[in-house]
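Participant: Predicted model follows, preceded by the sequence.
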Amino acid sequence: MLEGRAKLLGIDLLTKRNMTVVRDKIEVYSDRARKEVEALFNTGATRTCVSERLAHELGFTAYAKPRPIELAIKGMIGEIVGDGVYTFVVVGCEMPTRFLALVVRDLKHDAIIGVDFMEAFEIELDVKGGKPVLKRYPPVARLI
């Protein structure tokens, strides 16, 4: 069964309107700091985002003025205040390249891993185990 472009294998997740969410601990780091956070792997999110609080710890490039972003919750609009390029460690494995994350004001969670990230690194969601799963281990950078 495919839902939200992620392979689903069981239960133990949140599903709302073609959106599947699995929570897991990940590490996110930059030259400035390294943090372990709980992330939402969200098939309803097209982009990967981090909270403004986390971005202040890791460093980011602030935009001159905030830009609107539609959130996965119907009718909700957030504000992108910048972006940052970070290294992510998922299921104990460092991703082969750094990844651009949007910095969103008042984000409820420290990190939301979107479909852009999951497709780039071939991550599937194991519903039964409630965890992300790497389709390739270790993951590889691909141009195709």
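Facilitator: Here it is on my side, so go on.
Participant: which non-adjacent residue is nearest the residue nearest the centre of the chain?
Facilitator: In the chain, the C-alpha nearest the mean C-alpha coordinate belongs to residue 113, at 1.2 Å (Cα atoms, centre = their mean). Nearest residue to residue 113 in three dimensions, chain neighbours excluded: residue 41, at 4.5 Å (Cβ to Cβ, 6 or more residues apart in numbering). Every C-beta, even on glycine, is put in place using the N, C-alpha and C of the backbone.
Participant: what do you get for residue 34?
Facilitator: Closest to residue 34 by Cβ to Cβ, 6+ apart is residue 27, at 6.3 Å.
Participant: bridging residues for the residue nearest to residue 113?
Facilitator: Residues in a beta bridge with residue 41, per DSSP bridges, are residue 22, residue 113.
Participant: swap in residue 134?
Facilitator: Assigned bridge partners for residue 134, using DSSP bridges, are residue 123.
Participant: Can you give me every residue that contacts it?
Facilitator: Residue 134 makes contacts with 90-91, 93, 121-123, as judged by Cβ atoms under 8 Å, 6 or more residues apart in numbering.
Participant: ok, 10 Å please
Facilitator: Contact partners of residue 134, counting by Cβ atoms under 10 Å, 6 or more residues apart in numbering, are 90-93, 95, 121-124.
Participant: any idea which of those residues is closest to residue 131?
Facilitator: Proximity of these to residue 131 (Cβ to Cβ) peaks at residue 91, which lies at 6.9 Å.
Participant: For the closest one, give its distance to residue 111.
Facilitator: Separation of residue 91 from residue 111 (Cβ to Cβ, to the nearest Å) stands at 14 Å.
Participant: so the residue nearest to residue 34 makes contact with residue 37?
Facilitator: Yes - with contact defined as Cβ atoms under 10 Å, residue 27 and residue 37 form a contacting pair (7.8 Å).
Participant: that older thread, now the residue nearest to residue 113: how far from residue 77?
Facilitator: For residue 41 relative to residue 77 (Cβ to Cβ), the value is 23 Å.
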